[in-house]
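Enquirer: Mind folding the following:
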Amino acid sequence: FTPTESSFPTDWTGKTSNMNTVLSRANTIFAFTLSVMAALTFCCFLTTAMNDHLSPVQIDVNKIIVKNVQDFSTTRDKNDLGFITFDLQADLQHLFNWNMKQLFLYLTAEYTTNNNKLNQVVLWDKIIRRGENARLDYRSLHSKYYFFDDGKGLRGNQNVTLTLSWNVIPNAGTLPRISGVGSKTFQFPDEYTPGNARI
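Expert: Take a look at the predicted model:
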């Protein structure tokens with residue numbers, strides 16, 4: 001069989017079309033570009049994959065009170081509401097590298113009650129972007145979010161632990177959850193503070 005001009009794709013004018021050739025070349029270039037970008041992204045991930053992202057943290061608690069108030073966000077029953085002020089120091093500057101976009105920090109309180117074996121409450125959070133100051137030195141910081149218990153498990157609780165953790169947000173790679181090296185354990189008073197008292 002000897003190919004003739006009529007055996008090739010033609011456009012509506014009857015002339016041989018180069019459209020398939022152009023599309024084929026564009027598709028090849030696009031696929032090659034995606035492959036190169038995927039390879040570079042993977043290499044970017046490998047350069048920082050073995051970093052542990054750990055850092056020492058110092059937490060101190062200054063003032064502690066507990067009240068028994070109505071929690072209108074869930075029910076109208078009275079629940080324990082804790083108030084604390086705390087100091088927080090940590091130097092996270094060394095965690096940043098060329099593959100690090102930002103850190104999402106959050107301070108959690110963990111404790112046990114008769115109702116639940118493990119309670120976790122986020123009290124404070126912060127986002128630190130690359131290029132911003134990553135040295136934390138806070139004094140007498142108040143909780144950013146309410147410290148509510150779903151009952152009466154805060155009054156007299158002797159084992160409440162504060163821990164600073166962070167999520168690493170990279171340009172490429174996984175999103176690990178890291179707990180800082182160091183925590184603070186404190187106890188709530190045995191008596192409720194009057195409702196009009198302030199911390």
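Enquirer: For this structure, which segments are assigned as helices?
Expert: Counting by DSSP state H, the segments of the chain that form helices are 19-48.
Enquirer: Would you check the distance separating the lowest-mean-pLDDT helix or strand in the chain from the middle of the chain?
Expert: Taking mean pLDDT, DSSP states H and E as the measure, the chain has helix 19-48 as its least confident helix or strand, at a mean of 74. The gap between where helix 19-48 is centred and where its chain is centred comes out at 31 Å by C-alpha atoms, centre = their mean, to the nearest Å.
Enquirer: Same question for stretch 169-176.
Expert: Averaged C-alpha coordinates place stretch 169-176 at 11 Å from its chain's average position (C-alpha atoms, centre = their mean).
Enquirer: Flag every buried residue along it.
Expert: Judged by neighbour count (16 or more other C-beta atoms under 10 Å), stretch 169-176 contains these buried residues: 169-170, 172-173. Using the backbone N, CA and C atoms, a C-beta is placed for each residue, glycine as well.
Enquirer: What average pLDDT does that stretch get?
Expert: Stretch 169-176 carries an average pLDDT of 81.
Enquirer: repeat for stretch 85-95
Expert: Along stretch 85-95, the predicted confidence averages to a pLDDT of 95.
Enquirer: In contact with the nearest residue to residue 107 once chain neighbours are set aside, which residues?
Expert: Of all residues beyond its chain neighbours, the one nearest residue 107 is residue 124 (4.3 Å), with distances taken as C-beta to C-beta, 6 or more residues apart in numbering. Taking C-beta atoms under 8 Å, 6 or more residues apart in numbering as the contact definition, residue 124 lies against 106-107, 141, 143-145.
Enquirer: Could you check the pLDDT of residue 124?
Expert: Reported pLDDT at residue 124 in the predicted model: 97.
Enquirer: rewinding a little: CSV for the buried residues of stretch 169-176, including distance to residue 58?
Expert: Formatted as CSV, the entries for the buried residues of stretch 169-176 read as follows, by distance: C-beta to C-beta, whole Å:
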residue, distance to residue 58
169, 24
170, 26
172, 32
173, 29
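Enquirer: farthest pair in those residues?
Expert: Farthest apart among the buried residues of stretch 169-176 by C-beta to C-beta are 169 and 172. That separation is 10.9 Å.
Enquirer: circling back to that earlier point, now the buried members of the contacts of residue 124.
Expert: Neighbour counting by 16+ other C-beta under 10 Å classes 106-107, 141, 143 among these as buried.
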